[in-house]
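**Student:** okay, sequence plus prediction incoming.
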Amino acid sequence: TGNVNSMTSYHHFNGFFFDDTIHYYCSKTSYSGSGSWPRGNYCIMRYGSYCPSGFSSGSIYWDDEDSYNMNGKGGYVPSGTYGSNTRINYCCRSDGSAYSYISLPTTDPFYLMRYTSSICQRVSGMSVREEIITTDDEDTSNNNSVSGSHPKVTGTRNHSLYYCYYS
């Protein structure tokens, strides 16, 4: 009762977002390609044990609802812990300005996450739209937390996370 999960209208996420949330991720699971990630001010979800060169690691912990908790996971998901509560690991960098354009592949849409800047990282040849997910977390004795280098998050009892959608 009283659930306040919410998302930006006209978002591009894949999943179901009602009283309960089912969120699908598209994860790159191999280290293919050439070059390295460009300098900038952004975060990516960590896959595997380490961040790419130039990134620092951190995490966000969700103290999920205790009552009627139906957490689950399957397939390829970002590095983290998925049980009755959730911790997702991230890789972030702030060695450049979000106002400066960086070069990334432009053939498919993708997400980055805001880090310490007030805007989404600019990417050459792409339009960007900020999309926000707010999760209604445990109401009593909430232990939500963040550690290390993590994407921009607001709220203490209910986390709001800032994604940047590029198309």
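**Tutor:** Sure, I can see it. Numbering: from 1, shown residues only.
**Student:** which residues does stretch 121-131 contact?
**Tutor:** Applying CB atoms under 8 Å, 6 or more residues apart in numbering, the set of residues contacting stretch 121-131 from outside is 7-8, 11-13, 40-42, 98-104, 106, 112, 114, 120, 162-167. The way it works is simple: take the backbone N, C-alpha and C, and place the C-beta from them, glycine included.
**Student:** D136: neighbouring residues, count only.
**Tutor:** For D136, the count of nearby residues is 18 (other CB atoms under 10 Å).
**Student:** ok, R46 next?
**Tutor:** By the criterion of other CB under 10 Å, R46 has 21 neighbours.
**Student:** cool, and R157?
**Tutor:** 14.
**Student:** cool, and L104?
**Tutor:** A count of nearby residues for L104, using other CB under 10 Å, gives 17.
**Student:** the bottom helix or strand of this structure by mean pLDDT?
**Tutor:** Least confident helix or strand of the chain, by mean pLDDT, DSSP states H and E, is strand 15-17 with a mean of 63.
**Student:** the helix or strand following that strand packs against which elements?
**Tutor:** Sequence-wise, the next helix or strand downstream of strand 15-17 (DSSP states H and E) is strand 21-23. The contact analysis (3 or more CB pairs under 8 Å, 6 or more residues apart in numbering; DSSP states H and E) places strand 21-23 against strand 15-17.
**Student:** residue ranges with poor pLDDT in this protein?
**Tutor:** In the predicted model, the chain carries pLDDT under 70 at residues 1-2, 5-9, 12-20.
**Student:** where's C26, which helix or strand?
**Tutor:** Under the criterion DSSP H and E, no helix or strand holds C26.
**Student:** chain neighbours aside, what residue packs nearest to T86?
**Tutor:** Nearest non-adjacent residue to T86, counting by CB to CB, 6 or more residues apart in numbering: W62, 4.4 Å away.
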